[in-house]
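J.: Could you work out the structure for the sequence below:
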Amino acid sequence: MGVLKIDGCGRQGKTIGSNIRNFLALTEKYTSQNTEPGDYYKAVWCRDAAYILKDQYLSGHRLAVLDHLKYIWKNQIGHNCDKLIYGRGSPETDFTPLSASNRQAKNFIGALPTTIYDNFSEIYALNPDIDSTALMIYVSSWILTRMINESVDLNGKSVVLSDAIAFLVPLLFQGIEFLLSQDEDGDGLLEQDYNEDWMDTVLREGKIVYSQGCWLLALGSFAKLLCVLNNDKEALRIQSIASNLVEAIEKKMWSQKNACYLDINSEKTSNDTSSNTLYQDTIFYILAITEQLPSRFTKSSNSFHLGECCLEHEKKIVPHDNKAEVIRKRMLLTLGSLRTRIWQDGIPLVTEKPLQKTGPWVLQPNEYHNHTYWPWITAMELLTRFRCGQIHECNTLLSNLLLSNGKVKPDHDKIFHEWIDPKTLTGGGAYPFRTGISAFRLASFEIMSKHS
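T.: Here you go, the predicted model:
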């Protein structure tokens with residue numbers, strides 16, 4: 001495959017490159033703020049904070065990032081749940097928020113809440129979200145690993161970094177153990193109940209590809225952190241869990257008929273046709289593969305590498321070249337299915353078709369999670385396609401998102417809104433929505449670093 005050349009593909013390419021640089025300059029001001037998603041979101045959503053924190057780190061706010069990490073992990077669920085509510089997004093509670101008892105807390109120990117408010121925390125649905133905990137394990141491990149390796153270059157870890165490692169690593173272990181407990185039938189895949197992920201109105205439950213992708217991101221990143229901390233025994237254990245996860249996804253979630261990975265619903269919705277619905281967030285499994293096994297699955301070096309440690313890590317997760325080739329082909333087929341089934345007029349939508357049932361809110365088509373465009377996850381799709389060398393698709397996305405009707409004037413509203421109605425191109429939700437801004441900044445950093 002070729003390589004995306006931002007400044008080498010004619011007038012449009014130069015315009016795209018210029019607009020990426022302008023976008024990064026324009027949005028720099030958001031990186032010095034807190035980790036709240038913005039606008040009317042006046043709290044910390046853990047899954048959103050993962051993107052914001054990584055952006056802040058790459059933008060140079062290192063010490064502030066450590067403080068934010070400590071604050072979030074201090075709110076990890078423990079034995080005492082005096083200020084924890086749950087159930088607002090679950091049909092099992094009739095979408096009614098309830099106070100969690102200390103007995104219930106025993107089932108949640110190690111998880112992060114969906115949202116951290118000033119004087120209480122909330123688990124949005126019946127149980128803690130897989131993605132909220134997994135994405136924070138991923139980004140916390142990623143940041144600590146980067147800081148450790150950078151400190152080695154400076155001849156030693158600082159006291160601040162050493163204290164952060166001592167505080168955070170035990171909490172990351174607890175998060176891993178909570179997520180492991182969500183594999184209720186022991187098949188290597190995590191189960192979830194209704195609305196226990198970012199699409200908190202879609203009523204997905206069972207074994208969700210997106211959540212497995214977040215779990216793989218967490219496992220791979222934490223294993224690399226343990227590797228640089230010379231905790232080889234635990235690194236091997238985490239790598240083994242990741243290997244079993246990949247094997248289970250490939251065995252149980254790949255659909256030859258649909259040429260993509262699909263969710264597996266439980267018996268609760270076994271007669272629901274939604275099991276054949278393709279969601280844009282399926283991209284997260286492919287993203288996780290490119291993140292954790294870059295030398296074997298990508299066309300673009302995509303992250304801070306760990307030399308022999310990184311290569312050994314990859315071999316532990318997917319040991320055989322023939323198996324790796326099968327996965328690579330399936331990744332490309334899935335990207336193709338996403339392109340043909342969920343893209344509309346050159347922009348991906350989060351669902352391939354309007355949903356017939358949502359809750360707790362009844363959503364009309366092209367509203368919120370129902371067949372709409374979301375900038376933050378499109379940024380992750382852009383990044384994944386870039387890593388896989390899909391030049392044409394990347395240029396299409398960048399052109400449609402950074403240009404306005406083919407003109408030079410930037411059209412950043414397509415990125416600054418929380419979501420957009422694909423029919424009217426009007427924005428909805430929070431504005432500006434920092435999760436989407438940070439996600440596009442992360443993709444932009446990587447693209448420009450390879451083509452500066």
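
J.: Hmm, I283 and L338 touching each other?
T.: Yes. Judged on C-beta atoms under 8 Å, L338 makes contact with I283 at a distance of 6.6 Å. C-beta: built from backbone N, CA, C; applies to glycine.

J.: Please identify every residue contacting each of those two.
T.: Common neighbours of L338 and I283, using C-beta atoms under 8 Å, 6 or more residues apart in numbering, are E381.

J.: What is the neighbour count of the residue nearest to W73 when sequence neighbours are not counted?
T.: Leaving aside its chain neighbours, W73 sits nearest to L171 (4.6 Å; criterion: C-beta to C-beta, 6 or more residues apart in numbering). The local packing of L171 (other C-beta atoms under 10 Å) involves 20 other residues.

J.: close enough to count as contact, L171 and I77?
T.: No. L171 is beyond contact range of I77, at 10.8 Å (criterion: C-beta under 8 Å).

J.: the more surrounded of L338 and I283?
T.: More neighbours surround I283 than the other of L338 and I283, with 27 against 23 (other C-beta under 10 Å).

J.: Contacts only, for the more buried one.
T.: G213, L338, I377, M380, E381, T384.

J.: Dump those to JSON lines, plus distance to V139.
T.: As requested, these are exported to JSON lines (distance: C-beta to C-beta, whole Å):
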{"residue": "G213", "distance to V139": "14"}
{"residue": "L338", "distance to V139": "24"}
{"residue": "I377", "distance to V139": "16"}
{"residue": "M380", "distance to V139": "13"}
{"residue": "E381", "distance to V139": "19"}
{"residue": "T384", "distance to V139": "17"}
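
J.: which one of the residues you listed is nearest D55?
T.: Ranked by distance to D55 (C-beta to C-beta), those are led by M380 at 12.9 Å.

J.: That closest one - how many residues pack around it?
T.: By other C-beta under 10 Å, neighbour count at M380 equals 22.

J.: if I've got this straight, it is in a helix?
T.: Yes. Using DSSP: H, G, I helix; E, B strand; the rest coil, the assignment for M380 is a helix.

J.: So it sits against A443, correct?
T.: Yes. Under the criterion of C-beta under 8 Å, M380 makes contact with A443 at 7.4 Å.

J.: Sort out which residues of stretch 247-254 are buried, please.
T.: Buried positions in stretch 247-254, judged by neighbour count with 16 or more other C-beta atoms under 10 Å: A248, I249, E250, M253, W254.

J.: Need the mean per-residue confidence for it.
T.: Averaging pLDDT along stretch 247-254 gives 98.

J.: cool, stretch 428-447 as well?
T.: Here the average pLDDT along stretch 428-447 is 96.

J.: Pull out the buried positions in that stretch.
T.: Applying 16+ other C-beta under 10 Å to stretch 428-447 flags 429-430, 432-447 as buried.

J.: isn't T27 right up against R441?
T.: Yes. With contact defined as C-beta under 8 Å, T27 and R441 form a contacting pair (6.0 Å).

J.: Relative to the whole chain's centre, how far out is the lengthiest helix in the chain?
T.: The residue-count maximum for a helix in the chain (DSSP state H) belongs to helix 130-153. Relative to its chain's centre, helix 130-153 lies at 14 Å (C-alpha atoms, centre = their mean, to the nearest Å).

J.: name the helices or strands packed onto that helix?
T.: Applying 3 or more C-beta pairs under 8 Å, 6 or more residues apart in numbering; DSSP states H and E, one finds that helix 130-153 contacts helix 46-58, helix 62-74, helix 159-180, helix 209-228.

J.: Dump the ones you listed to CSV, plus distance to P365 and mean pLDDT.
T.: What follows is the helices and strands packed on helix 130-153, written out as CSV (distance: least, C-beta to C-beta, whole Å; pLDDT from 0 to 100):
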stretch, distance to P365, mean pLDDT
helix 46-58, 25, 98
helix 62-74, 35, 97
helix 159-180, 34, 97
helix 209-228, 21, 98
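
J.: could you dump the ones you listed to a markdown table with distance to I137?
T.: Conversion of the helices and strands packed on helix 130-153 to a markdown table gives the following (distance: least, C-beta to C-beta, whole Å):
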| stretch | distance to I137 |
| --- | --- |
| helix 46-58 | 9 |
| helix 62-74 | 10 |
| helix 159-180 | 5 |
| helix 209-228 | 4 |
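
J.: Would you mind finding the most buried of those helices?
T.: Greatest average neighbour count among the helices and strands packed on helix 130-153 goes to helix 209-228 (a mean of 26), per mean count of other C-beta atoms under 10 Å.

J.: moving C-terminal of the helix or strand where L245 lies, what's the next helix or strand?
T.: Secondary structure assignment for L245, by DSSP states H and E: helix 232-252. As assigned by DSSP H and E, the chain's next helix or strand after helix 232-252 is strand 254-255.

J.: Tell me the helices and strands packed up against the helix or strand just after that next one.
T.: Heading C-terminal from strand 254-255, the first helix or strand you meet, by DSSP H and E, is strand 260-261. Judged by 3+ C-beta pairs under 8 Å, 6+ apart, the packing partners of strand 260-261 are strand 254-255, helix 321-341.

J.: between these, which gets nearest to N102?
T.: strand 254-255 (41.6 Å).

J.: for this structure, what helix or strand is lowest in average pLDDT?
T.: Lowest by mean pLDDT, DSSP states H and E among the helices and strands of the chain is strand 407-410, with a mean of 46.

J.: Next secondary structure element downstream of that strand?
T.: Using DSSP H and E, the first helix or strand after strand 407-410 is helix 413-416.

J.: which outside residues touch that next one?
T.: Helix 413-416 has contacts (C-beta under 8 Å, 6+ apart) with 23, 347, 373, 375, 379, 400-401, 420, 425, 427, 431-433, 436-437, 440.

J.: Keep only those of those residues that are in strands.
T.: I347, I420, G427 (DSSP state E).
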